[in-house]
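Novice: this one's sequence-less:
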């Protein structure tokens, strides 16, 4: 007997924040919805957030709504309040899961994007929620890890303070440079990138935050040995986007006894680490196997620490 084919993933669900629709307006994703003159399309002028929903529940929703509001303020965009976003998100998730059928698993995952463009010239911002399937590649990289290369972003770590108009603290739609960096990495046989500054600081990935771990042993004062676990991320004032996943994981790790640290970090700190990860809301924790061809830590230690941090991350709401 021929095995039954797997059910196709539901189509992308679009829900526009429309004052005439309290819970958002469902739109056909197979039809054009954005004006060709929208400044999000013509100039990349807008902001967005991406988050993971598991079993129908959005993860770290408040943190993403807060960062969306912060990005909008930096771009001087007047966007709807958080309650309107919450209702539209619930509509999008509910519609997607309905299309999935009544048997949707409690641990099913989908990507939820919150998008804002400046709209057409002289008009109001265009705001919508998008729900779609997760990428198999992202799931695979959680398990197998990634090889990365270091790339110079081309400016120093203090440029964000000198030139706030660069919007380095905002999650904007202008991702052309980030995508170009990923294409360059793929052409070099790597999976991802860690950006560095012109003055030699470690920054972030094109779509992720950098984490590294150091393990140290010391005398416990009773004739034994204790292991100190330290989790470190680059300084937030070095022109990087504050990571919602990094922030949530730091909270959980601190409660579990990890020591926490914020750079400044240099490339040698990555090479000397016991483990390095790229963390993001959709891919979650992706262990870094090699940087510029050099192995980071050992496979066993990477696996052990990744399992430990994944267990902590699973406790995050």
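Specialist: Yep, it's here. This structure is a prediction, so every number in the text was calculated from the model and none was measured.

Novice: Count the residues that sit near residue 309.
Specialist: 25 (other Cβ atoms under 10 Å). For glycine as for every other residue, the C-beta is placed from the backbone atoms N, C-alpha and C.

Novice: Can you tell me the SS state at the closest residue in space to it that isn't next to it in sequence?
Specialist: Spatially, and ignoring its direct neighbours in sequence, residue 309 is nearest to residue 285 (5.8 Å; Cβ to Cβ, 6 or more residues apart in numbering). With DSSP: H, G, I helix; E, B strand; the rest coil as the basis, residue 285 sits in strand.

Novice: pLDDT score for residue 285?
Specialist: In this model, residue 285 is scored at 95, pLDDT.

Novice: so who does it touch?
Specialist: Contact partners of residue 285, counting by Cβ atoms under 8 Å, 6 or more residues apart in numbering, are 142, 211, 249, 277, 279, 306, 309, 310, 313.

Novice: ok, now which ones touch residue 296?
Specialist: Contacts here follow Cβ under 8 Å, 6+ apart; on that basis residue 296 touches 270, 271, 273, 275, 276, 288, 289, 290, 302.

Novice: is it true that the second one touches residue 295?
Specialist: No. Counting by Cβ atoms under 8 Å, residue 271 sits too far from residue 295 to count as a contact (9.6 Å).

Novice: list the buried ones in the helix or strand containing residue 217?
Specialist: Residue 217 is part of strand 209-219 when elements are defined by DSSP states H and E. Under the neighbour-count criterion of 16 or more other Cβ atoms under 10 Å, strand 209-219 has 209, 210, 211, 212, 213, 214 buried.

Novice: so what's the last one closest to, chain neighbours aside?
Specialist: Distance criterion Cβ to Cβ, 6+ apart; nearest residue to residue 214, sequence neighbours excluded, is residue 230 at 4.6 Å.

Novice: what bridges to the one you found?
Specialist: residue 214, residue 259 (DSSP bridges).

Novice: right, and it touches residue 258 too?
Specialist: Yes. Using Cβ under 8 Å, residue 230 is in contact with residue 258, at 6.9 Å.

Novice: Residue ranges of each domain in the chain, please.
Specialist: What automatic domain parsing lists as the domains of the chain is 13-134, 139-313.

Novice: Now residue 134. Its backbone dihedrals?
Specialist: Dihedral angles phi and psi of residue 134 (degrees, to the nearest 10) take the values phi -80, psi 160.

Novice: what's the neighbour count on the nearest residue to it once chain neighbours are set aside?
Specialist: Nearest residue to residue 134, sequence neighbours excluded (Cβ to Cβ, 6+ apart): residue 109, at 4.8 Å. Applying other Cβ under 10 Å, we find 16 residues neighbouring residue 109.

Novice: C-terminal to the helix ranked longest in the chain, what's the next element?
Specialist: Looking across the chain with DSSP state H, the single longest helix is helix 82-100. Moving toward the C-terminus from helix 82-100, the next helix or strand (DSSP H and E) is strand 109-117.

Novice: relative to helix 82-100, how tilted is that following strand?
Specialist: 140 degrees (axes from the mean of the first three to the mean of the last three Cα atoms, to 10 degrees).

Novice: how distant is the helix or strand just after strand 109-117 from the center of its chain?
Specialist: Helices and strands here follow DSSP H and E; after strand 109-117, the next one along the chain is strand 126-133. Put simply, strand 126-133 sits 16 Å off its chain's centre (Cα atoms, centre = their mean, to the nearest Å).

Novice: between strand 126-133 and strand 109-117, how many degrees?
Specialist: 160 degrees.

Novice: on that earlier part again, where's the residue nearest to residue 214 relative to residue 255, distance?
Specialist: For residue 230, the distance to residue 255 (Cβ to Cβ, to the nearest Å) stands at 15 Å.

Novice: Neighbour count for the two, which is higher?
Specialist: Legend: neighbour count by other Cβ under 10 Å for residue 230 and residue 255, higher for residue 230 (16 against 10).

Novice: hmm, back to that, which of the contacts of residue 285 ranks first by neighbour count?
Specialist: The most crowded member of these, judged by other Cβ under 10 Å, is residue 277 (29 neighbours).

Novice: Phi and psi next, for it.
Specialist: Torsion angles, degrees, to the nearest 10, at residue 277: phi -130, psi 150.

Novice: Find the centremost residue of this structure, please.
Specialist: Nearest to the mean C-alpha position of the chain, counting by Cα atoms, centre = their mean, stands residue 280 at 3.0 Å.

Novice: Could I get the contacting residues of it?
Specialist: With contact set as Cβ under 8 Å, 6+ apart, residue 280 has these partners: 50, 205, 207, 208, 209, 243, 245, 286.

Novice: So for the longest helix of the chain, mean pLDDT?
Specialist: Helix 82-100 comes out at a mean pLDDT of 95.

Novice: which non-adjacent residue is nearest residue 114?
Specialist: residue 49 (4.5 Å).

Novice: Does that neighbour touch residue 113 like I think?
Specialist: Yes. Proximity of residue 49 to residue 113 meets the contact threshold set by Cβ under 8 Å, at 7.0 Å.
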